[in-house]
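Return a 3D structure for these sequence lines:
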Amino acid sequence: MLKAIRSLSLQCLLLCSTFAVATPAFVEALEKAPFISTTPSSNPEEWLLAHIDVETTGLVAGYHEIVDIGIIMTDLKGKELDRIFLRIMPDHPERTQPGAVAVNGFSVERWQSQGSISSATAVNKLFDFHRRSAREKHVILVGYNAWFDITFLDEMFRRQGKSWRELYYYFVLDLPSMAWSLGLQDLNGRDISNILGITPETTDPLEHTGMTGAEFNARVYRAMLQPQKK
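Numbers count the residues shown, from 1 in each chain. Now for the predicted structure:
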């Protein structure tokens with residue numbers, strides 16, 4: 001009986017090993033994330049910023065998807081070096097929420113007429129853009145309510161077996177948090193822009209894109225680098 005139990009246990013162990021879950025490709029991709037031993041403070045010339053904004057079909061990453069993305073690459077002082085804008089056709093446009101359409105004007109017909117690409121192609125283009133613009137420099141993502149953009153970016157990269165960490169540093173700069181530290185606790189982008197004296201982002205859904213958002217983010221960042229009036 002004991003031998004039979006041991007034999008059965010061994011068979012179960014072998015069976016479990018056979019059906020062990022493989023490591024996801026996007027986890028293995030983390031091994032490609034660069035090891036960074038410097039900081040923006042110690043070596044500012046080695047660092048860049050990627051001001052990012054995404055438009056989506058809704059608020060839930062993993063269910064809703066990115067429909068366009070804008071990235072403006074700058075140095076640490078906010079000087080623009082390069083930019084990219086991509087319109088992306090979601091795999092499930094039927095999940096689009098009316099509130100999202102009211103913000104970004106998404107429709108399948110409009111996106112088809114404006115040269116939208118697949119999410120797989122978009123990820124490849126983002127890698128190409130990064131290699132061209134960043135080269136050997138380290139890049140920090142900058143966003144307005146950055147967790148939203150990063151969460152959707154992460155989901156899009158995962159579906160392609162990639163990780164955004166292959167391109168960007170794991171620290172992220174969130175603009176409302178930076179504004180909060182300056183005593184600007186308004187959070188809303190239009191209110192913050194009025195206080196900083198900069199042009200707010202358009203609210204016209206036919207003009208509002210990831211690129212207009214990225215441009216706004218860069219304006220906010222530059223304005224916050226300036227001494228604030230008491």
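
May I have the phi/psi pair for residue 65?
Listed backbone geometry of residue 65 is phi -140, psi 160, with angles given as degrees, to the nearest 10.

Quickly note the distance from it to residue 25.
Per C-beta to C-beta, to the nearest Å, residue 65 is found 19 Å from residue 25. Yep, even glycine has a C-beta here, placed from its N, CA and C like the rest.

what about those two, which has more around it?
residue 65 (24 against 12; other C-beta atoms under 10 Å).

can you pull out the strands in this structure?
Secondary structure of the chain, counting by DSSP state E: strands at 47-56, 66-74, 80-87, 138-143, 172-174.

Make TSV out of those strands and add mean neighbour count and mean pLDDT.
Formatted as TSV, these follow (neighbours: other C-beta atoms under 10 Å; pLDDT from 0 to 100):
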stretch	mean neighbour count	mean pLDDT
strand 47-56	26	99
strand 66-74	24	99
strand 80-87	17	99
strand 138-143	20	98
strand 172-174	18	98
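
closest one to residue 107 among these?
Put simply, out of those the one that sits nearest residue 107 is strand 66-74, at 9.8 Å, with distance taken as C-beta to C-beta.

how distant is that closest one from the center of its chain?
8 Å (C-alpha atoms, centre = their mean, to the nearest Å).

Neighbouring strands - and their directions - for that strand?
Take DSSP bridges as the rule and strand 66-74 pairs in its sheet with strand 47-56 (antiparallel), strand 80-87 (antiparallel).

what's the shortest one in contact with?
Applying C-beta atoms under 8 Å, 6 or more residues apart in numbering, the set of residues contacting strand 80-87 from outside is 48, 67-75, 111, 114-117, 122, 125-126, 129, 132-133, 209-211, 214, 218.

what's the answer for stretch 148-156, then?
Where contact means C-beta under 8 Å, 6+ apart, the residues beyond stretch 148-156 that reach it are 52-54, 56, 61-62, 64-66, 69, 88, 119, 122-123, 141, 143, 163-164, 172.

change it to 10 Å
26, 52-57, 59-67, 69, 71, 88, 90, 119-120, 122-123, 126, 141-143, 162-165, 167-168, 172, 174, 210, 213-214, 217 (C-beta atoms under 10 Å, 6 or more residues apart in numbering).

Compute the mean per-residue pLDDT across it, please.
Within the predicted structure, the mean pLDDT of stretch 148-156 is 98.

buried set for stretch 174-193?
For stretch 174-193, the neighbour count (16 or more other C-beta atoms under 10 Å) marks 174, 175, 176, 179, 184, 189, 192, 193 as buried.

For the first one, name its beta-bridge partners.
Going back to what we said before, that points to residue 174. Residues in a beta bridge with residue 174, per DSSP bridges, are residue 143.

Could you pull up the residues touching it?
Residue 174 sits in contact with 141, 142, 143, 144, 145, 146, 147, 148, 149, 150, 180, where contact means C-beta under 10 Å, 6+ apart.

okay if I get these as a markdown table plus distance to residue 102?
As requested, the contacts of residue 174 are exported to a markdown table (distance: C-beta to C-beta, whole Å):
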| residue | distance to residue 102 |
| --- | --- |
| 141 | 26 |
| 142 | 26 |
| 143 | 21 |
| 144 | 19 |
| 145 | 18 |
| 146 | 23 |
| 147 | 22 |
| 148 | 17 |
| 149 | 19 |
| 150 | 23 |
| 180 | 28 |
